[in-house]
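>>> whatever this is, show me its structure:
(one chain, ligands or ions: 2)
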Amino acid sequence: MSLHIEAKAGEIAESVLLPGDPLRAKYIAETFLENAKCYNNVRGMLGFTGTYKGNRVSVQGTGMGMPSAMIYIQELIEGYGAKNLIRIGTCGAIQEDVKIRDVIVAQAAATNSNIIRNSFPGYDFPQIANFDLLKKAYDTGTEKGLKLRVGNVLSSDLFYTDRQDEFVRLGKHGVLAVEMEAAGLYYLGAKFNVKALALLTVSDHIVTGEQTSAQERQTTFNDMIEVALETVRG
Ligand SMILES: O=P(O)(O)O[C@H]1O[C@H](CO)[C@@H](O)[C@H]1O
Ligand SMILES: O=c1cc[nH]c(=O)[nH]1
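Ligands and ions are numbered 1, 2, ... in the order given. You can find the predicted model right below:
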């Protein structure tokens, strides 16, 4: 048991999928996992363990933003021995040629957060994905016929901001999309020497203003979830 996760020792798998939304964790457990058991309800931040094609896997909600997500990620690693962590989230596109419903493999995550900066004052510590997970996710998605986008994303501390033009300017520097957790996940992956990756579905477009419907989000989420589940399959 850790402070924010009430699972007993051994109840969480070495591979954990990490949606921001705890209800997405429930949906994944009910839709994709066999014999799923809920191990966490502290603060309603649901977590489940079950099997996918015979492979033990957990799915844990993380909340929104790095301060929340990093609590769950650190407790999963230090308290429960998680070794492969894949965020499965939504994001907003900040480049014209990234389209709504695209699935992004976040090769790296830029950030405007001080969380990481404060750990290494004076350094720009790059937040990068684990290459093994990245390659497996890319190969799996490609075999499934998905046209995955691979590249840099922005992990922002703010969802609502008066400075959205900065997001768009980052887009012009090749950053594909904005979300709020990947950099924190990659930082902790490096700190604790575990494998970390973020997969993101584009739910809205910050340049064009387009949005996906709830139904469309579900379908594209399913593609992303299957890629994540196949990536951690032994
Ligand atoms: O869909 P999730 O995983 O929550 O991710 C994105 O959605 C939330 C904002 O609506 C932030 O957490 C952002 O990173
Ligand atoms: O625009 C968006 C969409 C999802 N998540 C974000 O952080 N921003």
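>>> which parts of the protein are strands?
Taking DSSP state E, the strands of the chain run over residues 15-18, 34-40, 47-52, 55-60, 84-93, 103-111, 149-155, 177-179, 195-205.
>>> helices or strands up against the third one?
If I follow you right, that is strand 47-52. Applying 3 or more Cβ pairs under 8 Å, 6 or more residues apart in numbering; DSSP states H and E, we find strand 47-52 packed against helix 22-32, strand 34-40, strand 55-60. Where you see a C-beta, it was placed from the backbone N, CA and C, and this is true even at glycine.
>>> which of those sits closest to residue 48?
Judged by Cβ to Cβ, the one of these that comes nearest to residue 48 is helix 22-32, at 3.6 Å.
>>> could you pull up the contacting residues of residue 201?
Contacts for residue 201 (Cβ atoms under 8 Å, 6 or more residues apart in numbering) come out as 89, 90, 91, 101, 102, 103, 104, 217, 220, 221, 223, 224.
>>> so what's the first one bridging to?
So the one you mean is residue 89. residue 200 (DSSP bridges).
>>> circling back: TSV for the contacts of residue 201, including pLDDT, distance to ligand 2 and neighbour count?
What follows is the contacts of residue 201, written out as TSV (pLDDT from 0 to 100; distance: Cβ to the nearest ligand atom, whole Å; neighbours: other Cβ atoms under 10 Å):
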residue	pLDDT	distance to ligand 2	neighbour count
89	97	7	28
90	96	4	21
91	97	5	28
101	91	13	16
102	93	13	20
103	96	14	22
104	98	11	25
217	72	10	19
220	72	13	19
221	89	12	23
223	93	17	18
224	96	13	25
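>>> any chance of those residues in CSV with distance to residue 183 as columns?
Converted to CSV, the contacts of residue 201 look like this (distance: Cβ to Cβ, whole Å):
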residue, distance to residue 183
89, 12
90, 16
91, 13
101, 24
102, 20
103, 19
104, 14
217, 23
220, 23
221, 22
223, 24
224, 19
